[in-house]
Each structure stands twice: as structure tokens, then as C-alpha cells.
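>>> Mind looking at a prediction? Sequence and model below.
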Amino acid sequence: VDHVEEVVRLERPATGGAVGRLGDGRVVFVRLGLPGELVRCALAETAARYARAEAIEVLEASPERVTAPCPHAAPGRCGGCDLQHATDRAQRDWKAHVVAEQLARVAKIERDVRVEAAPSAPTGSRVRLRALAGDDGALGLRRWRSHDLEPIEWCRVADPRLTRAFERRWPAGEVELRAIGPGEPFAVVRGAEGKRRDLRSLDGGPRDRAHSRVEVLGHTFDVSPASFWQAHRDAPELLTRSVLEFAAPQRGESAVDLFGGVGLFAAALAREVGPGGGVTMVESSPEAVADARRNLEGLRARVRRAEVTTTSVAIVEAGDLVVLDPPRSGLARGVAWALAGRAPGRIVYVSCDAATFARDVAILAEGGFRLADLRVFDLFPWTEHVELVGFLDRAPARRESAGEGASQTSP
Ligand SMILES: C[S@@+](CC[C@H](N)C(=O)[O-])C[C@H]1O[C@@H](n2cnc3c(N)ncnc32)[C@H](O)[C@@H]1O
């Protein structure tokens, strides 16, 4: 859109910014604003019923406003962190409001949501970061709603051991930085065409091999460069603990772990169910499957290399409980439906996206499950994102209608 500015009173948090109304009555999502504030905003996108904008001047500030710790978290600049201008508490309240609203609107579930802080401070909390190198080789991150790069001298949210990667030049394209576990950090350079993959040390030299080795709750995991690993340093332990808390695996039970990665949850489940029980993990990435097989050696666990589909999800029938942790896109509709039809009584759903989580929970609810418990963690500090762990069990059968309940028809 042409450069249009407007002064707007902001009302409430939403995905994409604080919500206000433009003079013509349209809803506007204002990035870098806070509820209650009066801001001058620059429109970035307009559609028939809504617009997107950035706050470029704060005319009346919220008491929750703070100076963003990073100079790149500013209008027109880095799109990585959207909430650095709010106190930690206000960030978590923001996210809790958005999750509660998604659950209410999409899944018709009314629930008080509290977002729990991670033990580590936001600064330096990410052990895995996708950066981009521009044509000049300098590392940066994408600007908000743009293909342009914001060059960055160091990223505040990244593990400090990754800082030196920002001091040198890289081949143009994607550069994923990994400081997972205590070993030497490294970079996975994917290049502009995205296909080729080179391993480099952080000073740019080639590395023949690189993998990470990391301990979580007493178990050691090997993670090869192409395998998924949680980005926040606290996530593996925090999520494993809450999966175990909700799943409550018992000795001798069998568990199914869908989208299992390198076996993070499967290892913990296998230890709990013991030699008389077992875990079956399903994962589609060949690298992650190879890692998982190594990581689960000696435990009663099987790793199946497969996509989770309407057919393969039938495997959950063999379990007493199922854990799933799909990518941001969640489950395909048919898969959620098939899962509801075949799952045992306990489902633990781990998700990094409140919208697809709410959508899938709604489908599972149609299939007879209810969201019995929920924990939400602030594992993406300074951004709008959260990590959710939901516990679903079978909803108690509803009485046919008042007055005709079985308990009242005594012989
Ligand atoms: C969010 S990660 C979770 C991994 C693991 N639970 C953890 O916390 O480390 C999702 C995993 O699902 C895998 N995946 C993505 N799509 C899949 C599919 N359709 N079927 C099976 N696995 C898939 C990815 O390779 C990735 O390892």
C-alpha cells in the first residue's frame, strides 16, 4: 500500500498485533503496539475487512511498555521478535489472551489460560536459529512482511556461543546455527537453492561431520544436523516433564509417540513403562529415524519410519496412550478424525501453534475427546508464539436428556 498513516486507539491483543479500528471502521492489527495505547501507525496491508500496520510513534504509552532490548526490534526492521516492547508479564498475558480466544472461537472451549515462564531468561535462550546470508554474505533475519534482510551484528535471543557466526561472511542463503548440547556449535549452510547442505564451523571452515549430543533428564540424545530439535534450551526438559505428567504412563503399558523426532518423548515413555511395556514411535524424516534408533537402543521402543496419515495413524489402537507433537501445521483433518476414532483414552497433544491446536482439538472433541488439562509455556520469548501441551481424555457420555437419565429409572 502507499504510505498511509493513521492514529489509532488499541484495544486488545491478537495474532499479528494489538487490535484497533481505522477511521473507516475496519479492524487493524498493529505490530509493536500494546492494548490501551494511542499510536500513530503505518499501514502495511489493507484488505476489504481488515488491515495490518506497525506502530511508528506512541502517543499514549501503556504502563506495560518497555524499551526493546534489541535495536532491531523496531518498525520496518527485524521480523523475528514482535513483543520485545512489553514487560515479561505483559507478553505472557498477551499470549494467554490469544490462546484463550483461539480455544473459545475455534474449539468452543471456555478456559482460563495461564502462560508459564521458562526457567532461562529470554536472552541467549535459543540453541537453534535460522538466519539468512545476503548477497554480501552478512548474516541477518527477515524484515517484517518483507523479503529484505535486516543485517544483525548479534541476535540477543540466540545462545551466546552462536554470536561469532554473525562476525563473518557466509554463502548467500539459509544458514542454520546450532548450539545444541555442550559440544562445538556449527552451521548448516543450505545455500540459496536450498537443496545442497554443507556443514561449517562457526568461523566458516568446512566440517566433515557434525552432530549434537545432548542430555535430557539423564538420557543422552544424538541429533544429526538435519534432525529436528527444540529451539529453546529449556524446552526438551520442560516438555518431557509435562508429557509424563499428563500421560501418566504405568509399568507394563504401551505408548505411541507420533511425530517423534529423535526420540525425546519416546525415551522418557519407554523408561516409565519399563521392560514389560513398550513404545512405538512414528517419524517421517530418515535422519531423525536413524538418530531415534540409536537414541532408543536398549529400551523397549520401536521406531517406524512413516508419515502420519489416516492409514498409519491406526497404530494408536495398539497403545494405552498416545503422544503427538506435529509441526506447526498440525494434523490434516482426516488424520485428526481417524485419531479420534482409534485412539485409546489418553492423548497428550504437544503443539507450537495455538490456532492449529484449537482446530484439531475441536475435531477430536467431535470424536468424543475433551480437553481435560492444558499447560502453555513461554518457549518463544519476545515473540507471539507459545508451546502448548494438552491432555485429552474421553468425555463422559452425556445423559440422553434431563429426567430420562439412567439413574432415575430405578426398577
Ligand atoms: C515438532 S517436531 C517434534 C519432535 C519431537 N517430539 C521433539 O520434541 O523433539 C515434529 C516432527 O515431526 C516430523 N514430521 C513432520 N511431518 C510428519 C509427518 N507427516 N509424519 C511423520 N512425521 C512428521 C518432523 O520430521 C519432526 O521430527
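Great, that's in hand.

>>> Residues of the stretch 51-200 of the chain that sit close to the ligand?
Counting by CB under 6 Å from any ligand atom, the stretch 51-200 of the chain comes close to the ligand at no residue. Heads up, the C-betas are built off the backbone N, CA and C, glycines and all.

>>> So which residues of the stretch 51-200 of the chain form helices?
Along the stretch 51-200 of the chain, the stretches classed as helices by DSSP state H, counting those that start in this stretch are 88-107.

>>> could you show me where the strands are in it, in order?
Secondary structure of the stretch 51-200 of the chain by DSSP state E, counting those that start in this stretch: the strands cover 115-117, 128-133, 139-142, 149-151, 173-178, 186-191, 198-201.

>>> any chance of the ones you listed in a markdown table, plus mean neighbour count?
Compiled in a markdown table, the strands of the stretch 51-200 of the chain are given as follows (neighbours: other CB atoms under 10 Å):
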| stretch | mean neighbour count |
| --- | --- |
| strand 115-117 | 18 |
| strand 128-133 | 21 |
| strand 139-142 | 21 |
| strand 149-151 | 18 |
| strand 173-178 | 20 |
| strand 186-191 | 20 |
| strand 198-201 | 16 |
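
>>> Least confident of those strands, on average?
Here those differ in mean pLDDT, and the lowest is strand 186-191 at a mean of 91.

>>> Please list all residues in contact with the one residue in the chain that gets nearest to the ligand.
Nearest to the ligand, among the residues of the chain, is Gly261, at 2.7 Å (CB to the nearest ligand atom). Residues near Gly261 by CB atoms under 8 Å, 6 or more residues apart in numbering: 227-229, 283, 288, 292, 325.

>>> which residues of the stretch 51-200 of the chain score low on pLDDT?
Applying pLDDT under 70 to the stretch 51-200 of the chain flags residues 194-195.

>>> Going by residue numbers, what spans are helices in the stretch 301-411 of the chain?
All helices of the stretch 301-411 of the chain, identified by DSSP H, counting those that start in this stretch, fall at 333-342, 354-366.

>>> what's the most buried one of the ones you listed?
Of the helices of the stretch 301-411 of the chain, the one with the most neighbours on average (mean count of other CB atoms under 10 Å) is helix 354-366, at a mean of 21.

>>> who's in contact with that one?
Applying CB under 8 Å, 6+ apart, the contact partners of helix 354-366 are 15, 98-99, 102-103, 105-109, 326, 328-331, 333, 336-337, 339-340, 347, 349, 351, 369, 371, 386, 388, 390, 392, 395.

>>> Specify the beta-bridge partners of the nearest residue to Val289 once chain neighbours are set aside.
Nearest residue to Val289 in three dimensions, chain neighbours excluded: Arg305, at 4.4 Å (CB to CB, 6 or more residues apart in numbering). Counting by DSSP bridges, Arg305 is bridged to Glu283.

>>> So what's the residue count around Arg233?
Applying other CB atoms under 10 Å, we find 22 residues neighbouring Arg233.

>>> Could you report the separation of it from Ala42?
Separation of Arg233 from Ala42 (CB to CB, to the nearest Å) stands at 35 Å.

>>> near the ligand, which residues of the stretch 301-411 of the chain?
Residues of the stretch 301-411 of the chain lying near the ligand by CB under 6 Å from any ligand atom: 307-308, 325, 327.

>>> Any quick ChimeraX command for the buried ones out of those?
To isolate in ChimeraX the members of those that are buried, counting by 16 or more other CB atoms under 10 Å, one can use:
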select :308,325
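
>>> List just the nearest of the residues of the stretch 301-411 of the chain next to the ligand to Arg26.
Arg26 lies nearest to Pro327 out of these, by CB to CB, at 32.6 Å.

>>> close enough to count as contact, the closest one and Phe259?
Yes. Using CB atoms under 8 Å, Pro327 is in contact with Phe259, at 7.2 Å.

>>> intersection of neighbour lists for the two?
Common contacts of Pro327 and Phe259 (CB under 8 Å, 6+ apart): none found.

>>> Who are the contact partners of the residue nearest to Val289?
283-284, 286, 289.

>>> Could you report the pLDDT at it?
The score at Arg305 is 98. That number is its pLDDT.

>>> And Thr409, by the same measure?
At Thr409, pLDDT is 37.

>>> Arg12 now?
pLDDT at Arg12 comes out at 97.

>>> Tell me what it is bridged to.
Going by DSSP bridges, Arg12 is paired in beta bridges with Val19.

>>> ok, for His330, nearest residue in space, not its chain neighbours?
Not His; residue 330 is Gly. With sequence-adjacent residues excluded and distances taken as CB to CB, 6+ apart, Gly330 is closest to Thr356, at 3.0 Å.

>>> for Ser62, same thing?
With CB to CB, 6+ apart as the criterion, Ser62 has its nearest non-adjacent residue at 4.1 Å, and that residue is Leu34.

>>> Around the one you found, count how many other residues there are.
Neighbours of Leu34 (other CB under 10 Å): 24.

>>> and if you look at Glu193?
7.

>>> That one contacts Ala172, doesn't it?
No. Between Glu193 and Ala172 there is no contact under CB under 8 Å: 10.1 Å.
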